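> I'd like to go over a predicted model; first the sequence, then the structure.
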Amino acid sequence: MDALTRLLDLANVQGVLDVRCYLAGGFSVEHDIALAGEAPFHLVLSGEGIMELPGRVMVPMSAGDLIVLPRGTSHRVHDGGPRSAAVPVHLDRQGPLDIKRNTLGPADLDLLCGRFTFAPDAARLAFDALPDVLHVKVSEQHGAAALDAVVAMFRSEVERMEPGALAVVTSLSRTLLVFALRAQLREGQLPPSLLSLLGDARLGRAVLAMLRDPAREWTVETLAREAAMSRATFARHFEARGRIAPHEVLTLLRMHLAGDLLRRGDLTAGAVADRVGYRSESAFGKAFVRVMGVTPARYRRDHLHPPPAEAT
């Protein structure tokens, strides 16, 4: 398994499809600030519109665009006209997917709205490094044909709504997130962070090595060998790309790997500590509290049976 996939798994990232917006003429749909551990997304199936964020920041939306809001920022989707001219939007709950519509005729904007949910304590693994607005224009990115195919499948599934359609589109939503993250990594647009380390092939190999064998007593020298770099070059590039020391990354990954094991509920805290490289359960407990904010026992109680995400 590659490092990005493993990080998304550790963060427990899931795609949830909430509603399809079918809008024409004057339209305006408000979206409140999201809950902790949620990053709203919008996929434009066809048409055009505008997303307005606080401070009157305007983001044009057109067919094939994927827009993710990693901070859960409140926003308004509208046609660009005055709010007073907007036609009332009605919610239709009759089908398997809720629909917001202000027309029964052709739509000027056909939009899929959903959320990426993730463990709030795992935001540092992926979402903290992302910009306030992650905007991927499908037609302009490398691999546009693949992205176009995913968007076409989205459109086909929500149009036909055959059995299992929601399972397909929720899985595809995570696929789109991966494409969006790839674009950020490829273009070097991320600030120094754990996620940006994966944009460097050699440094990414070192991160993957820690993920694969967290119990090993990793040193800068052994990690540098994984990256096929000298110790000095590795340390310099790692700090520049990540703004975090290798031993801090190792601790961060160990604690989230431990959290993943605790969520499964079939190992004792001592066994989990051993799996991630701690011979002392006490030392493990202190490190876990420092990174995760709670004791391993409390974390297990809170996460063994988390409530299912509900569509809004």
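Yes, it's here.

> I'd like the next helix or strand past the helix of greatest length in the chain.
Longest helix in the chain, counting residues (DSSP state H): helix 165-186. Using DSSP states H and E, the helix or strand that follows helix 165-186 in sequence is helix 194-197.

> Can you name every helix or strand that that following helix contacts?
Contact here means 3 or more CB pairs under 8 Å, 6 or more residues apart in numbering; DSSP states H and E; on that basis helix 194-197 packs against helix 165-186, helix 201-212, helix 231-242, helix 246-264. Quick note: C-beta positions are derived from backbone N, CA and C, even for glycine.

> would you turn the ones you listed into JSON lines with distance to Leu91?
Shown next, in JSON lines, are the helices and strands packed on helix 194-197 (distance: least, CB to CB, whole Å):
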{"stretch": "helix 165-186", "distance to Leu91": "17"}
{"stretch": "helix 201-212", "distance to Leu91": "43"}
{"stretch": "helix 231-242", "distance to Leu91": "44"}
{"stretch": "helix 246-264", "distance to Leu91": "34"}
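
> Among those helices, show the one with the smallest mean pLDDT.
Of all the helices and strands packed on helix 194-197, helix 165-186 carries the lowest average pLDDT, namely a mean of 83.

> in it, what's buried?
165-166, 168-169, 172-173, 176-177, 179-185 (16 or more other CB atoms under 10 Å).

> For Gln94, which three-state class applies?
Under DSSP: H, G, I helix; E, B strand; the rest coil, the three-state class of Gln94 is coil.

> Not counting the lowest-mean-pLDDT helix or strand in the chain itself, show me its contacts.
Within the chain, no helix or strand scores below helix 144-160, which has a mean of 74 by mean pLDDT, DSSP states H and E. Applying CB atoms under 8 Å, 6 or more residues apart in numbering, the contact partners of helix 144-160 are 20, 43, 45-46, 64, 97, 112, 136, 138-139, 141, 165, 168-169, 172, 175-176, 179.

> so which strand or helix has Glu217?
Per DSSP H and E, there is no helix or strand for Glu217.

> number of nearby residues for it?
Applying other CB atoms under 10 Å, we find 7 residues neighbouring Glu217.

> thought it was touching Gly277?
Yes. With contact defined as CB atoms under 8 Å, Glu217 counts as touching Gly277 (7.1 Å).

> Quick check: which of the helices and strands packed on helix 194-197 is nearest to Val272?
Val272 lies closest to helix 246-264 among the helices and strands packed on helix 194-197, at 4.7 Å (CB to CB).

> residues of the least confident helix or strand of the chain that come out buried?
Quick answer for helix 144-160 (16+ other CB under 10 Å): Leu147, Val150, Val151, Phe154, Arg155, Glu157, Val158.

> next one: stretch 274-282
Asp274, Arg275, Val276, Gly277, Tyr278, Glu281.

> average pLDDT for it?
95.

> could you dump that stretch to PDB, C-alpha only?
Taking C-alpha atoms only, stretch 274-282 is exported to PDB below (Å, rounded to 0.1, in the frame of the first residue of the first chain):
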ATOM      1  CA  ASP A 274       4.500  -3.200  21.200                       C
ATOM      2  CA  ARG A 275       3.200  -3.100  17.700                       C
ATOM      3  CA  VAL A 276       4.200   0.500  17.200                       C
ATOM      4  CA  GLY A 277       7.700   0.300  18.800                       C
ATOM      5  CA  TYR A 278       7.200   1.000  22.500                       C
ATOM      6  CA  ARG A 279       8.500  -1.500  25.100                       C
ATOM      7  CA  SER A 280       7.000   0.500  27.900                       C
ATOM      8  CA  GLU A 281       3.200   0.900  28.100                       C
ATOM      9  CA  SER A 282       3.700   3.900  30.300                       C
END
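
> ok now that stretch, how far from the chain's centre?
29 Å (CA atoms, centre = their mean, to the nearest Å).

> residues making contact with that stretch?
Under CB under 8 Å, 6+ apart, the answer for stretch 274-282 is 214-217, 254-255, 257-258, 261, 267, 269-270, 273, 284, 287.

> The same query, at a cut-off of 10 Å, please.
Residues outside stretch 274-282 that contact it (CB atoms under 10 Å, 6 or more residues apart in numbering): 210, 213-218, 250-251, 253-261, 267-273, 284-288, 296.

> Check the gap between Gly64 and Cys21 for me.
Gly64 sits 16 Å away from Cys21, going by CB to CB, to the nearest Å.

> So these two - more neighbours on which side?
For Gly64 versus Cys21, the count of surrounding residues by other CB under 10 Å is larger for Cys21: 24 against 21.

> Distance of the closest residue to Asp98 other than its chain neighbours relative to Leu177?
Distances taken as CB to CB, 6 or more residues apart in numbering place Val19 nearest to Asp98, at 4.5 Å, with adjacent residues excluded. Going from Val19 to Leu177 by CB to CB gives 18 Å.

> do Arg298 as well
29 Å.

> Over to Ser282?
From Ser282 over to Leu177 (counting by CB to CB), the distance is 38 Å.
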